[in-house]
Structure formats: C-alpha cells, structure tokens
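[1] Got a predicted model here, sequence first, then my questions.
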Amino acid sequence: MPKKKDLAPKEDKLVPDETRAKTSLDEAFTKMSEQLNAAVASFQFQNVRDVDMAAHTARGLYASMKQHASQDELLLMKILKDLICLFTPLTRAIVFQLEGHFLKTRDELAKGLATVNDAMATVDQYAQLPDAEKEIIQIYKSLFSVFPIIFKGSDACTRAEIFGYKGNIPQYINLLGEAVAEFRQADQLPSNLNPIFLTLVGFCTSIADRLETRVEVFSSEQAQHYLTTTGDKIFIIHGHDEAKWRELHDLLEEQLKLKTIVLKEEPGAGATLINKFEEFAYDCCYAFVLVTPDDFIKKEGKSYFQARPNVLFELGWFYGHFGRDHVCIVKKGETEMPSDLKGILSIDFHENISEVFLQIQNELKRVGVIKPIDKK
C-alpha cells in the first residue's frame, strides 16, 4: 500500500513546462546579472580568484539554458556571458604586469581582444533579429567599445615596461606615450550612464593620467635616462694586458680601499659569459675601461692598434645602462678609439697607470664613489 506522501500531488506537476522554462530562464538572467556585478567588483580589487569564479559560473549558466531559451534570449545570454568573461583576462593582465610577468600579461591581453571581437559579432547578430531591442544593442556596444581601448593601451604599457627594464628609456617613454593615447580614446566615446561603462572609462582616464605624469618625470630628468646604480664595487674592463689591469686593481683596492670586480677572476661555472658579466656589472657603481693596444688593424691603407672587441662591448653596456658619469676610459698611448665614444672621460697614460693615479682618485671623488673626509 503506497505511503500517504506518495499520494500527494507534486508541486512541479502543477506547473506547465512552458512556465517552468520561463521561470528558469528569468532565474538564469538574474544569476548572470549577479555574476556580472561580482566580476566588476573583483576586477576593481584585482581579485583573480573571484573574477575567475564569476566567469566559470556564467559559462555554466549559459550552457544550462541552451535547451530552453529562444534564439534572441540565447544571444542575449551569450553577450552577457562574454561580458563577464572579459574581466578575467583584464584582471589577470593587471596582476601579471604588476608581478613583472610581461609575456603572460600580453597573452592575457590577446585573449581579451579575441573575446571582445567575438562578443561584438554576437551583438551584431542580435541586432539583425526582428524583435531586437535598440536600447540593449546600444548599451552592449558601448560597453564592448571600451575593452579594446583598455587591452591595446595595456599592451603598449606592457611593452614599455619591457624596454624600461632593459634600460632603454627613450623607447620606454615613446611606448608610454602610445599607451596614454590609447587610453585617452575612452574620453571620445559617446556618453553613457551605464555604471559599468562609467567604471571602465574612469579606469582608462585614471591610468592615462598616471602614465602621463610618468612620461613627464622621465622626459624632464636627463639622469633618468639611465639606471640608478645600487652596487658599491668598481668594475675593471680590460683586454690582453694583464700587468696593467692588475696594477689598476691593486691601486684601487690597496690605496683607495675599494672593492673591484675583474670578470675573469670571479666564479661563474655554468653561466654564459653575458649572464656572468651582467650579474656582476649590476653590482657595481662605476667602471674603469682599460684600453690597451691589443689588436693590430689595417684598413683602407691605414694601420693602427685598438682595444679588444669585448672591451668596447662592455664599455658600451656600462655607458648605455648607467651613463657616462659612471664610466672612465684609462687609455695607453695612442691606442685608437671609435669617434662615437669621445664624450666619455678618458685618462691617458704612457707606461704605468700609477702616472695618472691622482686623476683617477679625483674622478672617483667627483662622482661620489670616494666620500670626502669629514674634518670635524
């Protein structure tokens, strides 16, 4: 004999399928709107986990409604889902850039551009429907028009950071200017009172203002064209004349009590030569470039002696990264030097470096490597 509760009519049997489907669809749109609000809030707080969760939920809601929704409802659902999902690459890109993962940043920005292009195509598809609502079309077109500006501006900013970390400040400034121009395009978009639109445009304006200030700072201070030295050692760049670099090494260490770096004397098993050079170079505040007549050159009827190629390369590295105030050439006799390097201080000696020791000492005092003695 059936139990009493089995005889009671089930509530869902009293609701027609069409009504249940409508209720389910309304609930799905409500939940999708909640996920959109969650995605915007998570973006503002740079919360990658929560923005990912909102996108995951939105994709699930869209998948569950495919059997119940009409064509126009499904298109609207997809547009809303794509809008939510756009905050994932945007938030990830911001976090990756702050962490210095520039390649990952650019990957996320590329994903974002692909998603927004797909979303805008869906909006165009919806607009072709006979019952399409013009107000909805306008709202979503406005929202999606901001994202390419953000992604392209952020990409220019990321490329700027890459050049900045390499010490290429002129290119860094140029790309920052490109980023500012991209973000400023948001100010030219038609006005819209949609709160999400205003949030995104406000984000563009805020970033453009800050980058513009950064451009002004780096452009106005010539010293900012180079990296700030953080080490306290003296790098000795040299060629084949071992006696001369050892003499310079001894004068700096024994007479002036300074720490020096001579690359061939430093450990570096397993590291490539350039990696070893950069590792120790970044730990220095100044470089002496010992130029000796190591290579005999015969060219166009002329013959002369010049420094080894590695000496000129390492000289260029220090000049490019730290500026000419942190480099000094110590040159023997009539050794030929490229004309492009004439702006760098050069101290010439004949036989021994001790001849110009006082000049070397005065130069180190001038740039602050040797601190003045407190007479108090």
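    Alright, I've got the coordinates. Nothing here was measured: the structure is a model prediction, and the numbers come from that model. Residues are numbered from 1 along each chain as shown.

[2] The stretch 151-300 of the chain: helices as residue ranges?
    169-184, 195-220, 242-250, 273-281 (DSSP state H, counting those that start in this stretch).

[3] Mean neighbour count, those helices: which tops it?
    The highest mean neighbour count among the helices of the stretch 151-300 of the chain, using mean count of other C-beta atoms under 10 Å, belongs to helix 169-184: a mean of 20. (Glycine included, C-beta is placed from N, CA and C.)

[4] Using the three-state scheme, assign Ser24.
    Counting by DSSP: H, G, I helix; E, B strand; the rest coil, the backbone at Ser24 sits in helix.

[5] before we move on, back to that, so which of the helices of the stretch 151-300 of the chain comes closest to Leu61?
    With respect to Leu61, and counting by C-beta to C-beta, the nearest of the helices of the stretch 151-300 of the chain is helix 195-220 at 18.3 Å.

[6] Spatially nearest residue to Thr260, not counting backbone neighbours?
    Nearest non-adjacent residue to Thr260, counting by C-beta to C-beta, 6 or more residues apart in numbering: Ile234, 4.8 Å away.

[7] wait, which of the helices of the stretch 151-300 of the chain is closest to Ser303?
    With C-beta to C-beta as the criterion, Ser303 lies closest to helix 242-250 of the helices of the stretch 151-300 of the chain, at 22.4 Å.

[8] what's next to that closest one, contact-wise?
    Residues outside helix 242-250 that contact it (C-beta atoms under 8 Å, 6 or more residues apart in numbering) are 236, 238, 260, 262, 288, 290, 292, 330, 332, 352-354.

[9] same thing but at 10 Å, please
    234, 236-239, 241, 258, 260-262, 264-265, 288, 290-292, 330, 332, 349, 351-354, 356-357, 360 (C-beta atoms under 10 Å, 6 or more residues apart in numbering).

[10] Pull the contacting residues for Leu315.
    Leu315 sits next to 237, 287, 289, 291, 307, 327, 329, 337-338, 341, 344 when contact means C-beta under 10 Å, 6+ apart.

[11] coming back round to it: verify the stated contact: the residue nearest to Thr260 with Cys284.
    Yes. Using C-beta atoms under 10 Å, Ile234 is in contact with Cys284, at 6.3 Å.
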